[in-house]
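In: predicted model and sequence follow; I will ask about them next.
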Amino acid sequence: MGGIRAAEVSAMTTAHNSKVDAQVSEAQIAVHWREEEYVAPPVSFIGQANAADPAILDRFAEERFPDCFKEYADLLSWDAYWHTTLDTSKPPFWKWFVGGRLNACVNCVDRHLATHANKAAFIWVPEPEAEATLAITYRELYRRVNEFAALLRDWGGVQTGDRVTFHLPMVPELPVAMLACARLGVIHSEVFGGFSGAACGGRVADSGSTILVTMDGYYRNGELIDHKVKADQAVATAAELGHAIDKVLVFRRRSGQYASGSPMVEGRDFFVDDLLPTYRDVVVEPVSMPAEAPLFLMYTSGTTGQPKGCQHSTGGYLSYVAGTSKYYQDIHPTDTYWCCADIGWITGHSYIVYGPLSLGTTSVLYEGVPAYPDAGRVWRICQRLGVNIFHTAPTTIRMLRKLGPDEPAKYDYHLKHMTTVGEPIEPEVWRWYHDVAGKGEAAIVDTWWQTENGGFLGSTLPALQPMKPGSCGPGVLGIYPVIYDEDGQVVEAGSGKAGNICIRNPWPGIFQTIWGQPDRFVHIYYEKYNKHKDSTDWHDWPYFAGDGAVQAADGYFRILGRVDDVINVAGHRLGTKELESACLTVDEVAEAAAVPVIDEVRGRAVEMYVSLKPGLTASKDVEDKVAAAIDTEIGKIARPKHVWIVSDMPKTRSGKIMRRVIAGISNFADVGDVSTLANPEVVADIRHHIQAEKLAHGEAPRQLTPAEAEEIRSFGHAE
Ligand code: PRX
């Protein structure tokens, strides 16, 4: 895996750096200062914030590590208190709160019954606006979770430590199923509903689940989508991989009606609403789990193709999401909190379900597309439900800004706090979010983190540290980041240079391993900067996040994006290898390469380059087959913006496809030195053909920012 080679980035991307500022022109300084100006949180926010006393920064200072995290763990109810806060005896397999026992479902549900049983835990908003919203109280959630846990245990035969996979859309049944598993100590693995049946099947096989929980259909963009059909594909794919799915549990979007055209397979497929009446009002004793027991798996894309099942713990993870939800999301039990993301991603697990519920707040779930049926929908939901904390991704913010820049003013809602997560946000978009969507009334946090991390790594503490558009902020409480160059030298804050951002210390939310692949876990995340292989001192094991970043003199980080071969589309990581393998399922295709293109709404979009087997000619039919293969293998989210059929790919002498060269072509950027390629002549041919087509599509080139240019230039790393 490569990395940004201590790349010089423009002074425009660094803040408050007089050395660098001195070297650039007046105009650049002007842009720079306007871009980087601090924005203070509203006074009204500070007055009520959970973390308003700066003493909290001292409590989490490095000399108090690891005991500082007791403060997070103490937000939970434990069955047995731990004896060791951090066990480093088998690095980098850190153990947190060793000796402690707890149940995650009890912490998110049962313990709130005494004080607010009939307060809404979730408010579900169906996509069709005429359909009524549904409030599920903590008491009702308790009932539903217990009944589904009883069904899983007594009918499904699952036991503590087993895995159960869900392929569920944004419906209340999803958190119910998650919490039911947590109650039993069963490890859940939710596959994003938009992923294809094949992608789901691969993940089921990897986790070894024998039960798949799905739904007949759900609404998206005004359409009732047939979802159960994907379960049939998942079963087939798992079978090809030598794994049997014994039972498919099917929730119905509307009880008694079936929204799918796929037949129910006798003895394999069962409607949940047929089975549940047997378990009516059954209460399941929660299983008291060791803090270190896995709570769930969340698959994410990586550099080497096969998705990684990130294994998250019970005690460490739950403490970390509770603590960060309290101090960074500023959640109070009286808030109405809406994270407009999908539970199928880590954001949803941590900051729709586990974090907010552990604090006993009301969490909003929305079924559908944010701009359906129009660009005012999100703001109507905020108005109607009295949402006061709003959380979403830059891709959604860009879309809402593009489709309805003036919509927020039409609605009477008031946010105290807003979050952006998942990819870098452009300062102009940040400002719209703050000034227009937030009406200037909210504190904003730009939270940088990853599926692997459980919770936030970089962010401002909203009442105590000012915001800076485009920068996430410093490391969060108890997280001590550092930027290293390729040789492991520290890149100093304010130097104007970018490098690989790492976290020097372990933290409770960090994933425990890649499911079933401990060596790969060590190799990807720790080997690069490990100082001594046999050391049991955590200082010797920095966590390699795989992101490029630059740190300003004030300690704030600006994240430049991935340094590996992953394309971040609308905040979702797609592995290039997965995309390319999908293309190769099309008979005609000989070779495929996926590259990112800068996209105004989705951040990055995918473009596929394919070359065909000898003797075949390019056709629209093959292009369509390639796009369809990606839909089938991965899902619509990965659908390429273009499929380019080329006669040959630019290659190194050792035969590796030079993705950075084609990425340069797709982005109208400099392709760099191509003289050492095995076939430099194809570069001009491809460029001519593709750029002419793009111009014909009205895709005019735009000047890339220095960070974007660096990302494209270093994409792929096949040298
Ligand atoms: O490149 C970073 C980007 O998203 C990656 C993690 O993606 P994923 O595991 O899907 O998790 C997304 C939600 C936590 C990171 O390696 N990223 C995430 N948040 C930010 C970000 N880039 C810049 N700013 C952020 N706030």
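Out: That came through, no problem.
In: below-threshold pLDDT in this structure: ranges please.
Out: Within the chain, the segments meeting pLDDT under 70 span 1-36, 302-305, 653-655, 717-719.
In: which SS class is Ile637?
Out: Following DSSP: H, G, I helix; E, B strand; the rest coil, we place Ile637 in the helix state.
In: neighbours around it, how many?
Out: 17 (other Cβ atoms under 10 Å). C-beta coordinates here come from the backbone N, C-alpha and C atoms, glycine included.
In: which residues touch it?
Out: Contact analysis of Ile637 by Cβ atoms under 8 Å, 6 or more residues apart in numbering lists Phe192, Gly194, Phe195, Val569, Ala570, His572, Leu574.
In: between the residues you listed, which sits nearest Leu457?
Out: Proximity to Leu457 was ranked across the contacts of Ile637 by Cβ to Cβ; first place goes to His572, at 18.1 Å.
In: and the closest one, how close does it get to Ile634?
Out: Separation of His572 from Ile634 (Cβ to Cβ, to the nearest Å) stands at 10 Å.
In: looking at these two, which one has more neighbours?
Out: Neighbours per residue (other Cβ under 10 Å) separate His572 from Ile634, with His572 holding more: 27 against 23.
In: against Glu173, how distant is the residue of the stretch 401-550 of the chain found nearest the ligand?
Out: Nearest to the ligand in the stretch 401-550 of the chain, going by Cβ to the nearest ligand atom, is Thr451, at a distance of 3.4 Å. Distance of Thr451 to Glu173, given as Cβ to Cβ: 23 Å.
In: and the stretch 451-600 of the chain, which residues reach the ligand?
Out: With Cβ under 6 Å from any ligand atom as the criterion, the stretch 451-600 of the chain comes near the ligand at residues Thr451, Cys472, Asp547, Ile559, Gly561, Arg562, Asn568, Gly571, His572, Arg573.
In: tell me which two in those are the farthest apart.
Out: Cys472 and His572, at 18.3 Å, using Cβ to Cβ across those.
In: that older thread, of the contacts of Ile637, closest to the ligand?
Out: Taking the contacts of Ile637 together and measuring to the ligand by Cβ to the nearest ligand atom, the closest member is His572, at 5.8 Å.
In: near the ligand, which residues of the chain?
Out: So the chain meets the ligand at 300, 346-347, 421-424, 446-451, 472, 547, 559, 561-562, 568, 571-573 (Cβ under 6 Å from any ligand atom).
In: can you tell me which residues contact Lys613?
Out: Asp587, Glu588, Val589, Ala590.
In: now tabulate these in a markdown table and tack on secondary structure.
Out: Below are the contacts of Lys613 laid out as a markdown table (three-state DSSP):
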| residue | secondary structure |
| --- | --- |
| Asp587 | coil |
| Glu588 | coil |
| Val589 | strand |
| Ala590 | strand |
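In: just the buried ones out of those residues, please.
Out: Buried by 16 or more other Cβ atoms under 10 Å: Glu588, Val589, out of the contacts of Lys613.
In: wait, a strand at Asn568?
Out: Yes - secondary structure of Asn568 (three-state DSSP): part of a strand.
In: go ahead and confirm it touches Arg602.
Out: No - under the criterion of Cβ atoms under 8 Å, Asn568 is not in contact with Arg602, lying 9.2 Å apart.
In: distance of the residue in the chain sticking out farthest from the centre from Val671?
Out: The C-alpha centroid of the chain is most remote from Gly615, which lies 42.2 Å away (Cα atoms, centre = their mean). For Gly615, the distance to Val671 equals 29 Å [Cβ to Cβ].
In: what of His188?
Out: 45 Å.
In: so for those two, which sits in the more crowded spot?
Out: Legend: neighbour count by other Cβ under 10 Å for His188 and Val671, higher for His188 (25 against 20).
In: state which helix of this protein is the longest.
Out: helix 681-696 (DSSP state H).
In: show me what that helix is packed up against.
Out: strand 642-645, helix 659-666 (3 or more Cβ pairs under 8 Å, 6 or more residues apart in numbering; DSSP states H and E).
In: nearest to Leu385, of those?
Out: strand 642-645 (39.7 Å).
In: give me the sheet partners of the closest one and which way each runs.
Out: strand 603-612 (parallel) (DSSP bridges).
In: what about the partner strand, distance to the chain center?
Out: 22 Å (Cα atoms, centre = their mean, to the nearest Å).
In: next SSE downstream of that strand?
Out: Counting by DSSP states H and E, the element after strand 603-612 in chain order, helix or strand, is helix 620-633.
In: residues of that following helix that come out buried?
Out: Val622, Glu623, Lys625, Val626, Ala627, Ala629, Ile630, Asp631, Thr632, Glu633.
In: same question, stretch 603-623
Out: For stretch 603-623, by 16+ other Cβ under 10 Å, it's 603-612, 618, 622-623.
In: out of those, who's nearest the ligand?
Out: Gly603 (9.2 Å).
In: bridged to the closest residue to the ligand within the stretch 151-300 of the chain, which residues?
Out: Of all residues in the stretch 151-300 of the chain, the one sitting closest to the ligand is Thr300 (5.1 Å; Cβ to the nearest ligand atom). Under DSSP bridges, the beta-bridge partners of Thr300 are Lys308.
In: show me the contacts for it.
Out: Pro307, Lys308, Cys310, Ile346, Gln450, Thr451, Glu452, Arg573.
In: how about the contacts made by Leu704?
Out: Contacts of Leu704 (Cβ under 8 Å, 6+ apart): Ile598, Asn667, Ala669, Ile712.
In: next, it: phi, psi?
Out: phi -80, psi 150 (degrees, to the nearest 10).
In: separation between it and the ligand?
Out: 17 Å (Cβ to the nearest ligand atom, to the nearest Å).
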